[in-house]
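In: quick one, what's the 3D model for this:
(chains A, B, C and D)
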Protein chains: 4
Amino acid sequence: MTIFDQLESEVQSYARSFPVTFDKAQGAKLYDTEGREYIDFLAGAGTLNYGHNNPVLKEALIDYLQADGIAHGLDMHTRAKQELLEAFDQCILKPRDLEYVLQFTGPTGTNAVEAAMKIARKVKGRSEILAFTNGFHGCSLGALAATGNRHHRGGSGGVSLPDVTHMPYSNYFGNDVDTIAMIDQLIEDPSSGVDQPAAVLLETVQGEGGLNAASFDWLQGIEKLCKKHDMLLIVDDIQAGCGRTGTFFSFEPAGIKPDIVTLSKSLSGFGLPFALVMMRPELDIWEPGEHNGTFRGNNHAFVTATKAIRHFWSDDKFQNEVQEKAALLKKRFQEIANMAGPANMQPKGRGMMQGLSCKDGDLAKLVITRCFELGLVIETSGAYDQVVKCLCPLTITKDELNKALDIIEQSVKDIMTKRYQKAS
Amino acid sequence: MTIFDQLESEVQSYARSFPVTFDKAQGAKLYDTEGREYIDFLAGAGTLNYGHNNPVLKEALIDYLQADGIAHGLDMHTRAKQELLEAFDQCILKPRDLEYVLQFTGPTGTNAVEAAMKIARKVKGRSEILAFTNGFHGCSLGALAATGNRHHRGGSGGVSLPDVTHMPYSNYFGNDVDTIAMIDQLIEDPSSGVDQPAAVLLETVQGEGGLNAASFDWLQGIEKLCKKHDMLLIVDDIQAGCGRTGTFFSFEPAGIKPDIVTLSKSLSGFGLPFALVMMRPELDIWEPGEHNGTFRGNNHAFVTATKAIRHFWSDDKFQNEVQEKAALLKKRFQEIANMAGPANMQPKGRGMMQGLSCKDGDLAKLVITRCFELGLVIETSGAYDQVVKCLCPLTITKDELNKALDIIEQSVKDIMTKRYQKAS
Amino acid sequence: MTIFDQLESEVQSYARSFPVTFDKAQGAKLYDTEGREYIDFLAGAGTLNYGHNNPVLKEALIDYLQADGIAHGLDMHTRAKQELLEAFDQCILKPRDLEYVLQFTGPTGTNAVEAAMKIARKVKGRSEILAFTNGFHGCSLGALAATGNRHHRGGSGGVSLPDVTHMPYSNYFGNDVDTIAMIDQLIEDPSSGVDQPAAVLLETVQGEGGLNAASFDWLQGIEKLCKKHDMLLIVDDIQAGCGRTGTFFSFEPAGIKPDIVTLSKSLSGFGLPFALVMMRPELDIWEPGEHNGTFRGNNHAFVTATKAIRHFWSDDKFQNEVQEKAALLKKRFQEIANMAGPANMQPKGRGMMQGLSCKDGDLAKLVITRCFELGLVIETSGAYDQVVKCLCPLTITKDELNKALDIIEQSVKDIMTKRYQKAS
Amino acid sequence: MTIFDQLESEVQSYARSFPVTFDKAQGAKLYDTEGREYIDFLAGAGTLNYGHNNPVLKEALIDYLQADGIAHGLDMHTRAKQELLEAFDQCILKPRDLEYVLQFTGPTGTNAVEAAMKIARKVKGRSEILAFTNGFHGCSLGALAATGNRHHRGGSGGVSLPDVTHMPYSNYFGNDVDTIAMIDQLIEDPSSGVDQPAAVLLETVQGEGGLNAASFDWLQGIEKLCKKHDMLLIVDDIQAGCGRTGTFFSFEPAGIKPDIVTLSKSLSGFGLPFALVMMRPELDIWEPGEHNGTFRGNNHAFVTATKAIRHFWSDDKFQNEVQEKAALLKKRFQEIANMAGPANMQPKGRGMMQGLSCKDGDLAKLVITRCFELGLVIETSGAYDQVVKCLCPLTITKDELNKALDIIEQSVKDIMTKRYQKAS
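Out: Purely as a prediction, here's the structure:
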């Protein structure tokens, strides 16, 4: 019996898909304690957009450590935070003509979502928030109410998850049904049973929900609805942000400007816990310390985040490379899907959040299991775990990317020709 | 206008008490960007029990970084986690005859509390949880329900905070009132309006609540109540644990064994975000991934935590030193309180969570403001911010400790003789 | 200032539409204290299906009073209750092949709904209940959660109304949108954010919601959904039941058999407070007294209910007459609507719950105000109070019915030709 | 199998204690279908303060029926309501110098409580309401949250009952513990976990809770607390009002003036469903129809209520008689308790809400069972059903009263000397 079997809770999840002990990692590669190498198409569930131990960030962090820079600063002003704010302002906000103040929350995505929901309710003086089918926003009780998945919701131990209503996401009822019009009707109708919401909370691409990418039309429609019905638009950009879809914020190409944005995951650029809420300045009616958290000043993360922002987001170069890789992904997933047949697999997603929607979770499970045998760490998502999801580092080389896609192609081929028939 | 004024949310709190920009830190010392030195009696609100940038931990972390050790591992098995589990088992659990499994949650205290509350409700199939007056357990919605402070509760934006009832803490109604008997009566009485609880959630010393230290009798009484009424005992040891009160767990001297324990703050030993839930193995009925979180595998924190555990908790040496310093604190706070007069100040707390309860928040504010002028970073807590609270590193030298206490003494003297009269 | 101005709360509603003091009533006629006569097309909001002071029932009640029959019996067995149960069994349940047990609740519709929701949750061990857009089920907190109208929901004073999700009713999104398929998808999808419901709660015709009549196909579809997803089907037949739509239960012609049915309003036949819940025997897992209420044994209501059931429901005669009158209503409302033009008015409803859906609430208000001037008491309903709603006694004579419809026709004519133009 | 066994729900409660079928009733007497006579010490759980079929009220009701007076009037103005308002104003409000407006709610106590809680929350803009240990306020979800009994609370089917905190009632922790000071501390302390309440909701004598009579000092203390902390004082006088304790309102002798009062039970005087909320005029911020209910215009109840008010409350005569009978009750219950011994029985209650608190529910059950054999209908209450509770008609003759008390005395004697020993 390993120490994991003996001491770690049954709540483990990813550990079950990849039954090895990992040791080191560099760029897009993971190594286990036996020295075996894997390409990482999971990347910390989208947390390692710049790869493992990115050398530029690593050097900055080691320098900071060696200089006895402050590691933990609560919400006190530190040099590291100052430099982060400057970099964020110059490289992220100003070029995009965005005016936000930043709230450093506890360094988990769910905590940023909790803070965003709180401030929206405080500002509007109303409790109701609209979230969406297949949305995932975290597992603490406030955010869990906005999370669609029954598996997670059931974890609440039976308490109510009130004050959130789940609406149909973009294309949820198929391409022919205009869910914006439905939502509009439900809010407009004073007798629909949906109370006037304080805010709408959404992901532009639902990662955990199965790589559902909202159309830009739909996102614009939601922004209009928000203005029409005096609701704040909160974009949870925790997984889709920080370049994942090809721009720093996932909502940029849709041309919308949310009132509130949550960021986390790849924000530190190094996998370090970090989360923040951006909000239009006039929404910032917090009283001092009203929402707090011990680790809201993770200065190590500030250091690597500053470096990541300046290194990758000072110009368009990185963004353009990501978009090229996304195009490659799109092409190859389409080819693999064609090979499997449309009844078995469909390509899905946007930017570097793409994958294969399989006909069921069993097929997807076979694919990722075979991938792992062939040296690729990749996971599923979706309501039925039916979507094979690529979340590789954005910094992956084209060679590595093609190699990984070859593994997926091979795995699908193996399964479609031999294994899957057996299993069924 | 500084970048902080321009870009950071009004939610800032500590930053208002200490209007400088901090830069570096070592041991018990903080340095601002002007090079000014401060003794740190805040220590990350109890997160830096082993001091800033403890060289032993720093070295381990730099080595790990240089070797490209995995930074972010979700819940996958990694070498760093394995070593942590081994160290925790050998140095912490076994010597104390404790049998727990460990759940790695999102790395905030509030997330660990959310997980603890969830699993307790799942196990017992009941929603109600008892928490206490002046308890602080975090600001995400589930934990916030268990937090007593209206300032934080009001941040919820008006949503209900159900399924928690707040009971009077040890000595809440004075030394003559047995609150255990009251709680017993309320639970026993099928018509009291208090539903049968799934669990009782408490801190053995309430840090944010104002250094209220529960008597050991009271803690034993609560443990008995839990057995009597089939409730789980959850000790939130996030601030009081990791040696803060003189033993690794704050509940050790009371001789109780909680069913569930939450740890965070000083667990990594370096100020890195880290939180976990310990539970008796038979309570571990989680389904895979039911409660999750992106940063639940902060391997940097595992590395420093492992080192901290092995370095400080392999024998009694450190513990004994802490207890000696606690005795010194006790003696000097009593002396300072005597000087100020019992109507103005009273010593309070336990172990290295001690301080001065002032007659009101204004007096306490004057004290910490004067301390900061004299080079000491120290904060208040309590319902009225009336308690000057010492949360210095446990590794502080006796010289530093005495110097800091001299500053407090001097500040109190200054205020009692001159300033406070002016103010009033 | 009248005693009403002086002493009665602002919550008054109908009193504002009919600013007279009523005194006596017989059959379909109301008389005010000035002796003026009105035809009653409100009939206690559907409570007086057999007319005011129906002589058969009145005689039974006076006899009962004179014999000192028990008026108030809690839930004790009384002769009056025994006779009611026998009549209900023989005339209502047996002929329709329905097997239910009866729970006598507090004598308000909302109380019956509360009991129905409770027992459904108890039986299924789940909290979630589906209700519908424009549904009305009462104003106590549990039932209010299932009521769609924001006007009423706002009365809760800001508390959450959890554990109910509102789904689109039959044709809510137009005739081309199959809301059954939508609801099915939301329940089937484990990641939709809609938790598995314990029950579905609906009215077959939504009275307060604006005379929305569900199609029989849709009702059958809901019944199938309930079976498919292990949900109980609760039909709230408080307004549509007791013959209002042409059969005793409104759901009879749809060929469905609900698991639970709530009845009230016209159940006593005399306007006396009375409500009950019918449930399949195997659902009756109540513990003694678990849901109670002081007036659950209103024996006067039992006496008149027994008489009403035996008198009107021993054979098909009454039912056939009602259906004839409903056909007349349908014809004439169509004619009036045609006269006004389809852009201004549309006929709506089913059975003796029919009316005119006006283009807005202002037009509807003008109609009912003019009707009152001409001697007809009639009200509006719907999200915008835009539906002129006929809820006349089912026992109304054809002459009276035609006379009242003449008044409506005249009112519409007056308004369309003269008044409404002025107003707009 | 009787029709009751066959068709009536298991929720029946009183029917189990009195396994006969009642038929007629007059004054303080009940008669079953076999013609057997019982003295009624239950009186509709306090609903029949003026006895069954009081001839004065009966005559008024029959006259009203014969004249075709309106039975059911929604909230429309009727002559019967006008006369009630006039009588209430002249005989009840003015003589007591009370200024209230009256809201006619659905005719159940729980509905009046729901309305009172709603309006208090609306007025104060806060959700929290304080209720008390052993309080009973009804079983619809809003009122149930304020009801202490777990038996009833469990009936909610597992949904949360939020926004109410239960405080210790007068003497709950014994005579030596000042619960007012405790409540004051919990509200005053901004970190107690008790949010600032909108209102305090209490019964002055807890009927269902076991005849707990609050001391007048305590009631005055609560009134002061309400003023101090900007809370509304709601007295639920549904069981204790209408003369039950010796004055029309139970709170009169304490010299307090609640902001809101709920009345029901004996308000109609005849056992007819009727409930209302009285509130200070400035609290009446209801919008039209915001809280409604089909049976809020039960004009039969208005007729009998008017008659009852004018007949019994035009002068002090009735009140004085009640107080004399209450003194007799007190004396005799003390004697019976003395006979049983203080370890077995203690007298309890106030006014005509008195009884015997037995050492456990088994003993109380034996007493009432024996009483029923001897011709007395009487029930238990309290957390353990341990209190034998007298709720006889206030109009009972002294002879009947003594006869009933003789039966209780005899029953206690029988049980203490013979039966109870056997049973134990």
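
In: show me where chain A dips below the pLDDT cut-off.
Out: Scanning chain A for pLDDT under 70 picks out A:419-424.

In: point to the residue nearest the middle of it.
Out: In chain A, the centroid-proximal residue (C-alpha atoms, centre = their mean) is residue A:239; its distance is 1.2 Å.

In: now residue A:341. Nearest residue, chain neighbours left out?
Out: The shortest distance from residue A:341 to any non-neighbouring residue, by C-beta to C-beta, 6 or more residues apart in numbering or on different chains, is to residue A:416 (7.9 Å). For glycine as for every other residue, the C-beta is placed from the backbone atoms N, C-alpha and C.

In: go ahead and confirm the one you found touches residue A:339.
Out: Yes: with contact defined as C-beta atoms under 8 Å, residue A:416 and residue A:339 form a contacting pair (7.5 Å).

In: tell me which of those two has more neighbours.
Out: When neighbours are counted by other C-beta atoms under 10 Å in any protein chain shown, residue A:416 comes out ahead of the other of residue A:416 and residue A:339, with 19 against 13.

In: any idea how far the more buried one lies from chain B?
Out: For residue A:416, the distance to chain B equals 27 Å [C-beta to the nearest C-beta, to the nearest Å].

In: in three-state terms, label that residue for me.
Out: Secondary structure state of residue A:416, per DSSP: H, G, I helix; E, B strand; the rest coil, is helix.

In: how about it, what does it touch?
Out: A:339, A:340, A:341, A:344 (C-beta atoms under 8 Å, 6 or more residues apart in numbering or on different chains).

In: same check, this time on residue A:278
Out: Taking C-beta under 8 Å, 6+ apart as the definition of contact, the neighbours of residue A:278 are A:98, A:100, A:101, A:102, A:103, A:260, A:261, A:262, A:263.

In: please confirm that it is located within a strand.
Out: Yes: secondary structure assignment (three-state DSSP) places residue A:278 inside a strand.

In: now the phi/psi pair for residue A:130, please.
Out: For residue A:130, the backbone dihedrals (degrees, to the nearest 10) come out as phi -90, psi 130.

In: what bridges to it?
Out: Per DSSP bridges, the residues bridged to residue A:130 are residue A:165, residue A:200.

In: same check, this time on residue A:354
Out: Here residue A:354 shows beta-bridge partners residue A:349, residue A:390, assigned using DSSP bridges.

In: check contacts around it.
Out: With C-beta under 8 Å, 6+ apart as the criterion, the residues that contact residue A:354 are A:211, A:326, A:329, A:330, A:333, A:347, A:348, A:390.

In: can you pull the buried residues of the helix or strand in which the second one is found?
Out: When elements are defined using DSSP states H and E, residue A:326 is found to belong to helix A:317-340. Within helix A:317-340, the residues that qualify as buried by neighbour count (16 or more other C-beta atoms under 10 Å in any protein chain shown) are A:318-319, A:321-323, A:325-326, A:329, A:332-333, A:336-337, A:340.

In: which residues sit against that helix?
Out: Applying C-beta under 8 Å, 6+ apart, the contact partners of helix A:317-340 are A:243, A:245-248, A:312-313, A:345-348, A:350-352, A:354-356, A:390, A:394, A:396, A:398, A:401-402, A:405, A:408-409, A:412-413, A:416.

In: which residues touch residue A:124?
Out: Shown here is residue A:124, whose contacts under the criterion C-beta under 8 Å, 6+ apart are A:198, A:199, A:230, A:231, A:232.

In: ramachandran angles for it?
Out: Residue A:124 has phi and psi values of phi -90, psi -10 when expressed as degrees, to the nearest 10.

In: for it, give its distance to residue A:195.
Out: Per C-beta to C-beta, to the nearest Å, residue A:124 is found 11 Å from residue A:195.

In: pick out the residue of chain A closest to chain D.
Out: For chain A, the nearest residue to chain D under the criterion C-beta to the nearest C-beta is residue A:160, separated by 4.8 Å.

In: ok, that residue - how many residues close by?
Out: In terms of burial, residue A:160 registers 22 neighbours under the definition other C-beta under 10 Å.
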